[in-house]
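[1] this one's structure only:
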């Protein structure tokens, strides 16, 4: 039985990644790192998903009723720097690829760490897994509250640094 570790910045597909791993490697031990960049540096066979800060920061603000995007953007940049620092020893997927083509992501992850071939996964199968274990983490409709959170994040001067970090990590993930 393989020990597979994953970690992400909050609201970057954590529940989706957990569901994907559980579906693709049902006999494996799946370990979540707790939203810490240290996981990327210390653990083996780590996979992470990255998401645009314009999406994950407002989502975090709504989900956790948090109104300080500056602290979140700083945390995001530190997590992305940890991702960059660990790039040679981890597997990085974009949120978009993970949510639209999880089978390809799992095949690439498997090849990166010489794992057994993953069980075929589909978006439907993963959604069922997420509903069973993390129902509140499925995408939510665009509400007035979310629109306000988006505006707060977009007007924050720290967003540009986070977007730069996102682009750097997105580039190295290819």
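    Nice, thanks for sending it over. Being a predicted model, the structure only gives us computed values, none of them experimental.

[2] roughly how far out does the longest helix seen in the chain sit from the chain middle?
    The single longest helix within the chain, with elements called by DSSP state H, is helix 69-85. Its chain's C-alpha centre and that of helix 69-85 lie 13 Å apart, by Cα atoms, centre = their mean, to the nearest Å.

[3] Show me which residues of that helix are buried.
    With burial defined by 16 or more other Cβ atoms under 10 Å, the residues of helix 69-85 counted as buried are 69, 72-73, 75-77, 79-80, 82-84. (Each C-beta comes from the backbone N, C-alpha and C, glycine too.)

[4] Could you pull out the helices in the protein for me?
    All helices of the chain, identified by DSSP H, fall at 14-24, 37-42, 53-63, 69-85, 95-100, 102-112, 123-134, 144-154, 159-172.

[5] Could you check how far residue 166 is from residue 43?
    22 Å (Cβ to Cβ, to the nearest Å).

[6] who touches the spatially closest residue to residue 50 that is not a sequence neighbour in this structure?
    Nearest residue to residue 50, sequence neighbours excluded (Cβ to Cβ, 6 or more residues apart in numbering): residue 169, at 5.1 Å. Residue 169 is in contact with 50, 80, 83-84, 92, counting by Cβ atoms under 8 Å, 6 or more residues apart in numbering.

[7] Report the mean confidence score over the longest helix of the chain.
    For helix 69-85, the mean per-residue pLDDT is 97.

[8] helices and strands around that helix, which ones?
    In this structure, helix 69-85 packs against helix 37-42, strand 46-50, helix 53-63, helix 144-154, helix 159-172, with contacts taken as 3 or more Cβ pairs under 8 Å, 6 or more residues apart in numbering; DSSP states H and E.
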